[in-house]
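Participant: Show me the folded form of this:
(2 chains)
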Amino acid sequence: MGKLPEFKDDNLLVGFNTNDDAAVYKVTDEIAMIQTVDFFTPIVDDPYQFGQIAAANALSDIYAMGGEPKTALNIVGFPSCLDTSVLSDIMAGGASKVQEAGAVLAGGHSIQSDEPVYGLSVSGFVHPDRILRNTGARPGDVLILTKQLGSGIVSTAVKAEMASRASAEEAFGVMASLNQKAKRVLEKYPVHACTDVTGFGLAGHCYEMACASGVTIDLYMHGIAFIQDAPDYADMGLVPAGAYRNRQYSEKETDYGGVDERYIDLMYDPQSSGGLLFSVDESCAVDIMRDLRRAGLDTKVSIVGYAAAQGDSKIRFHA
Amino acid sequence: MKKTINCMGMACPLPVVNAKKAFEEFTETGTLIVQVDNETAVNNVSKLAARYGFAASSRQTGDKAYEIEIEVTPEKAQQQEQAAPGCGGGPLVVVLSSNVMGTGDDKLGKALMKSYIFALTNVDPVPDTILCYNGGAFLTTEGSDSLEDLQNLEAAGTKIITCGTCLNFYGLTDKVKVGTVGNMYDIADILSHAGRIVRP
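Facilitator: Purely as a prediction, here's the structure:
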C-alpha cells in the first residue's frame, strides 16, 4: 500500500493509514457511511457453510466500526469445472447471513477463477460520533473478546482429518456467528477501542491496538475461552503457517512470560470471522459481561486481558 | 529400523498427517527422517514428535530444505493412542481440590495427602491427568512436600495441570514447580472427557 498516492478528503474519517477494519466517510453530521470488502477461498468443505462464514466475516467489519450493515454485493470467483449447484449453495449461505443481519443483497460480480472465491462488499451506516476505532485503549481498561479462539487451528485439524466432530461443529458455529448482538450491547457503553479478531490472531490484533493506543496489553491465558480440543491440536502441531508469520511479526515486542507453547500458538492463530475485541473502562466490565450474557450470544465471551501503561513490551502473556 | 519420508512441496497439515502415519508403522525403536521445505512444517512435525514423547532434532539441508530426525519408540506411541479421546475406557483423572485429604484434622489431612500422592507413584497405571485446583494449587508449587512425587508421576507420563485462577488468587503464579497451568476450559474439558475421576 505504501506506493499508492495519499488521498485527502476532510470527510474521510477513517482511511487505510490506521489499519482499521473499514473505511468511514462522513455524509452529514448525523450519518457516516462505512465501506468494506472481504473475500477468501474455501475454509470448510460444505459450500453453504463456507458462504455463511464468508458473509459473517465481511459483515463483521461493519460491526467492528460500530455500524449497522445496509447493502451487500456478492464477489465471486468460480472455476468452470465445478458444478454450478456448488456456487448456488455458497451464495445461498451468504444470503442467509445478509438476511439475518437485516441488510439487503443488492447485486454482485463474478469471474472465472482456478479456485472458488467468495466474499462480499458491504456498506453500512454509523453516527460520526459513535465510530469505534482500533485506537484509544487506556491503561486500566479491560479487554473483552466475544467469541472463543482457535478456528484456524481446528480448521487445520479438520483438514488433517484429526479433528473431533464436536470441535469441528463448534468452530463452524463460531465462524458463522454474526457479531451483531455483541455490537448492539457494546454500543451502549463508552467503549474506548474496538476491532474484530481475524487474520492476525488475538495477539496480533492486540499488538495493533496497543501500538495505536500507546499502551501495553497483558493477556491472561487462564481467562480466555478456546474452542474445545484446540489447545490439544496446537500441541500436536496442527498449527497453520499464518500463526507462525503472525508470531514473527511482533515477537520482539512480546513477552511470552513462560506460557505453554500451545497457548502461544493459540494467541497467534489466524481467525476466520472472529469475535469483537474491545477495550473498556474496568468499571463497566461487570455490566457489559452481564448484558452480553443476556443478549444470548451463541459464542463464549471472555475477559482476555487488561491495558496497562506502556512498558518494555507491547504485549505480555501470563498463564 | 530407519525410514525417510519425503514431504517436500506439502503444505500444512500434510507433513504432520504423514509423520503421524509413519509413526504407526514402527514396530520397534527406530529413526524417522521427515524431509520438508518450509519452517512451519519443521515446527509442526517437531511438536507432534514432542507430543508423542519422541526426541527430535531438525536441521536445514539446503535452500528451502529441512530434515527432522525423530527417535521413534513405539511403546510410547501406543500410550499416546490409548490416551486419545474415545478409545478404551477413557483417561483416569485424579482431582486434588485441596492440600488436605479428608475432613477432620488438617495436620493429619496434610500427611494423608502427602502419602496418597506418594502411593500414586506406585500404582500401575499412573493417572493420565492430575488436576489441582483451589487448595490443590499448594501441592504443585514451591514449599509443597509432594513436589518430588509429582515430578516422578510426570516423568511416568501423568499430565499435571494446576488451575491458573487459583494460582493467581493465592499469589502462587510464579511458583509452579511441576506440570503446566490450565484454565477453566481445560479443566472442564478434561473432566468431561474423563473415563474415571478419582477425588481422594
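Participant: Spell out which parts of the stretch 201-319 of chain A neighbour chain B.
Facilitator: Residues of the stretch 201-319 of chain A lying close to chain B by CB under 8 Å from any CB of the partner chain are A:220-226, A:228-229, A:231, A:234-241, A:244, A:260-261, A:318-319. For the C-beta atoms, the positions are set from N, CA and C on the backbone; glycine is no exception.
Participant: Inside strands: which ones of those?
Facilitator: A:220, A:318 (DSSP state E).
Participant: hmm, which of the residues of the stretch 201-319 of chain A next to chain B are the buried ones?
Facilitator: Buried members of these, scored by 16 or more other CB atoms under 10 Å in any protein chain shown, are A:220-226, A:228-229, A:231, A:234-241, A:244, A:260, A:318-319.
Participant: Say whether chain A is contacted by the helix or strand hosting residue B:5.
Facilitator: Residue B:5 is part of strand B:2-6 when elements are defined by DSSP states H and E. No: Strand B:2-6 is not in contact with chain A by CB under 8 Å from any CB; minimum separation 14.8 Å.
Participant: Point out the other helices and strands that that strand packs with.
Facilitator: Packing partners of strand B:2-6 (3 or more CB pairs under 8 Å, 6 or more residues apart in numbering or on different chains; DSSP states H and E): helix B:14-25, strand B:30-36.
Participant: tell me the angle of the shortest one relative to helix B:14-25?
Facilitator: Compare the direction of strand B:30-36 with that of helix B:14-25 by axes from the mean of the first three to the mean of the last three CA atoms, to 10 degrees and you get 170 degrees.
Participant: Are we agreed that residue A:189 is in a helix?
Facilitator: No: with DSSP: H, G, I helix; E, B strand; the rest coil as the criterion, residue A:189 is coil rather than part of a helix.
Participant: how deep is it tucked in, by neighbour count?
Facilitator: 15 (other CB atoms under 10 Å in any protein chain shown).
Participant: Pick out the residue of chain B closest to chain A.
Facilitator: residue B:164 (2.8 Å; CB to the nearest CB).
Participant: Can you flag which of the buried ones among the residues of the stretch 201-319 of chain A next to chain B belong to helices?
Facilitator: In helices, defined here by DSSP state H, the members of these are A:231, A:234-235, A:241, A:244.
Participant: Any stretches of chain A with poor pLDDT?
Facilitator: A:1-2, A:18 (pLDDT under 70).
Participant: let's see 80
Facilitator: A:1-2, A:16-21 (pLDDT under 80).
Participant: could you pull out the strands for it?
Facilitator: A:12-14, A:23-26, A:32-40, A:68-78, A:104-112, A:117-126, A:142-145, A:191-196, A:215-220, A:254-255, A:276-280, A:302-309, A:315-318.
Participant: Chain B too?
Facilitator: B:2-6, B:30-36, B:56-62, B:65-72, B:92-96, B:129-132, B:159-163, B:180-182, B:196-198.
Participant: Could you list the residues of chain B in contact with chain A?
Facilitator: So far as CB under 8 Å from any CB goes, chain B lies against chain A at B:11-14, B:16-17, B:20, B:38-40, B:43-48, B:51, B:85-86, B:163-165, B:167-168, B:173, B:176, B:180-186, B:189.
Participant: give me that answer again for 7 Å
Facilitator: B:12-13, B:16-17, B:39-40, B:43-45, B:47-48, B:51, B:85, B:164-165, B:173, B:180-181, B:183, B:185-186, B:189 (CB under 7 Å from any CB of the partner chain).
Participant: Apart from its neighbours in sequence, what residue is nearest whatever residue of chain A ends up closest to chain B?
Facilitator: For chain A, the residue closest to chain B is residue A:222, as judged by CB to the nearest CB, at 2.8 Å. The shortest distance from residue A:222 to any non-neighbouring residue, by CB to CB, 6 or more residues apart in numbering or on different chains, is to residue B:164 (2.8 Å).
Participant: Am I right that that neighbour is in contact with residue A:319?
Facilitator: Yes: in this structure, residue B:164 is within contact of residue A:319 by CB atoms under 7 Å, at 5.0 Å.
Participant: Overlap of the contact sets of the two?
Facilitator: A:221-222, B:181 (CB atoms under 7 Å, 6 or more residues apart in numbering or on different chains).
Participant: number of nearby residues for the residue nearest to residue A:222?
Facilitator: The tally of other residues near residue B:164 (other CB under 10 Å) stands at 25.
Participant: And residue B:121, by the same measure?
Facilitator: 17.
Participant: Repeat that for residue B:29.
Facilitator: 13.
Participant: pretty sure it is touching residue B:75, no?
Facilitator: No: contact between residue B:29 and residue B:75 fails when scored by CB under 7 Å: they sit 8.4 Å apart.
Participant: Report the residue ranges of every domain in the chain.
Facilitator: I went with chain A, as the question did not name one. As assigned by automatic domain parsing, chain A contains the domains A:12-130, A:142-318.
Participant: wrong one, I was asking about chain B
Facilitator: B:2-81, B:92-198.
Participant: What mean pLDDT does the last one get?
Facilitator: So the one you mean is domain B:92-198. Mean per-residue pLDDT for domain B:92-198: 90.
Participant: Run the chain-centre distance for it.
Facilitator: Offset of domain B:92-198 from its chain centre (CA atoms, centre = their mean, to the nearest Å): 14 Å.
Participant: Ok, the first one next?
Facilitator: Taking CA atoms, centre = their mean, one finds domain B:2-81 lying 19 Å from the centre of the chain it belongs to.
Participant: for the residue of chain A closest to chain B, what are its contacts?
Facilitator: So residue A:222 contacts A:319, B:164-165, B:181, B:183 (CB under 7 Å, 6+ apart).
Participant: So which residue is smack in the middle of chain B?
Facilitator: Nearest to the geometric centre of chain B sits residue B:159, at 4.3 Å (CA atoms, centre = their mean).
Participant: Please determine how far that residue is located from residue B:142.
Facilitator: 20 Å (CB to CB, to the nearest Å).
Participant: Check residue A:238 too.
Facilitator: 34 Å.
Participant: Same check on residue A:193?
Facilitator: 38 Å.
Participant: okay, those two: which has more neighbours?
Facilitator: Neighbours around residue A:193 and residue B:142, counted as other CB under 10 Å, are more numerous at residue A:193. The numbers are 24 against 11.
Participant: How confident was the prediction at the residue sitting furthest away from the middle of chain B?
Facilitator: Here the centre of chain B is the reference, and by CA atoms, centre = their mean the most remote residue is residue B:63, at 34.6 Å. Looking at residue B:63, its pLDDT stands at 93.
Participant: and it, what is it in contact with?
Facilitator: Per CB under 7 Å, 6+ apart, neighbours of residue B:63: none.
Participant: got it, and residue A:220?
Facilitator: Here residue A:220 is in contact with A:305, A:318 (criterion: CB under 7 Å, 6+ apart).
Participant: Around residue A:210, how many other residues sit close by?
Facilitator: 29.
Participant: Next one: it from residue A:20, what distance?
Facilitator: Distance from residue A:210 to residue A:20, by CB to CB: 15 Å.
Participant: Phi first, then psi, for residue A:270.
Facilitator: Here is the backbone geometry of residue A:270 (degrees, to the nearest 10): phi -70, psi 130.
Participant: Can you give me every residue that contacts the nearest residue to it once chain neighbours are set aside?
Facilitator: Spatial nearest neighbour of residue A:270, excluding adjacent residues (CB to CB, 6+ apart): residue A:242 at 4.0 Å. Contacts for residue A:242 (CB under 7 Å, 6+ apart) come out as A:152, A:199, A:270.
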